[in-house]
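1. Task: produce atomic coordinates for the following.
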Amino acid sequence: MKQISTKNKIIGIVSILIVIIALIVVIVGGFNVERKYQSYKKISIYVGEEVDIEKIEKVVNDTLGKNKATVQKIEIYNDTFQVIAKEITEEQKNTIVDKVNELYPITTVDNNVENTETSVRVKKEDIQIVSASNVRLRDVFKPYIMPFIIATLCIIVYVAIRYRKIGVIRVILETIGVLLGVQILLLSVLAIIRFPMGRFTPALILIAYIMSVIYISNRWKNMK
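-> Down below sits the predicted model:
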């Protein structure tokens, strides 16, 4: 029976420890997902004139906390913006509205003198806090599942036929082990470092998958 090298033993132990730590992290706090895939609250505010998005971002950051919300324009005339955050209270909404009204007061010209009216552009009661449920991670990955399954089956059939002299069962089991193991290890590392799961994750998985296929191909080729 072939002896397992010390290097492979160390790699195996470290990999198992990483997976165990990742399991604990996921059980305790789940995966870290991008803000757009989390449950969130949002408000949309129509100002009536072109807004300076940098000034609006400062208002939102001062109210909700820096980097805790996304601010974006949502109309072609740049007169409406949207605030998206994990949590927006009624008090925070009112504060944002007050500061927006301070930035963009309604003015009129009377006898060639500019006077600020007591009326406001944005009324607090007109702004509603809208709640949106989160997008499940499995829904993000769903379009990629079937192509990955088909590609994996094709690879297994190919290596099993081409390297059958090494042993069909061995080739199949080790190929599945490498492909599956690398993906588990990748997801474990992403969970531990709290990488935001979302739009970039499928690309990382694909890169890891391609590298796994290259490794498998070289491994069996060298043993042939």
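
2. E91: neighbouring residues, count only.
-> 9 (other C-beta atoms under 10 Å). All C-beta atoms are positioned from the backbone trio N, CA, C, and that covers glycine.

3. Show me what the helix or strand harbouring it packs onto, helices and strands only.
-> Assigned by DSSP states H and E, E91 belongs to helix 90-103. Here helix 90-103 touches strand 40-46, helix 53-64, going by 3 or more C-beta pairs under 8 Å, 6 or more residues apart in numbering; DSSP states H and E.

4. go with 10 Å
-> Under the contact definition 3 or more C-beta pairs under 10 Å, 6 or more residues apart in numbering; DSSP states H and E, helix 90-103 sits against strand 40-46, helix 53-64, strand 69-73, strand 80-85.

5. Any stretches of this structure with poor pLDDT?
-> Within the chain, the stretches with pLDDT under 70 are 1-4, 35-36, 107-118, 133-137, 224.

6. all strands of it, in order?
-> Ranges of strands within the chain are 40-46, 69-73, 80-85, 107-110, 113-116, 130-132, based on DSSP state E.

7. Redo those as a markdown table? Include mean neighbour count.
-> Below are those laid out as a markdown table (neighbours: other C-beta atoms under 10 Å):
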| stretch | mean neighbour count |
| --- | --- |
| strand 40-46 | 17 |
| strand 69-73 | 17 |
| strand 80-85 | 20 |
| strand 107-110 | 9 |
| strand 113-116 | 8 |
| strand 130-132 | 12 |
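
8. and N94, which of the ones you listed is closest to it?
-> Proximity to N94 (C-beta to C-beta) singles out strand 40-46 among these, at 10.5 Å.

9. That closest one vs strand 80-85, what angle?
-> Per axes from the mean of the first three to the mean of the last three C-alpha atoms, to 10 degrees, the angle that strand 40-46 makes with strand 80-85 is 160 degrees.

10. Parallel or antiparallel, list what pairs with strand 40-46.
-> Sheet neighbours of strand 40-46, with direction, are listed as strand 80-85 (antiparallel), strand 130-132 (antiparallel) (DSSP bridges).
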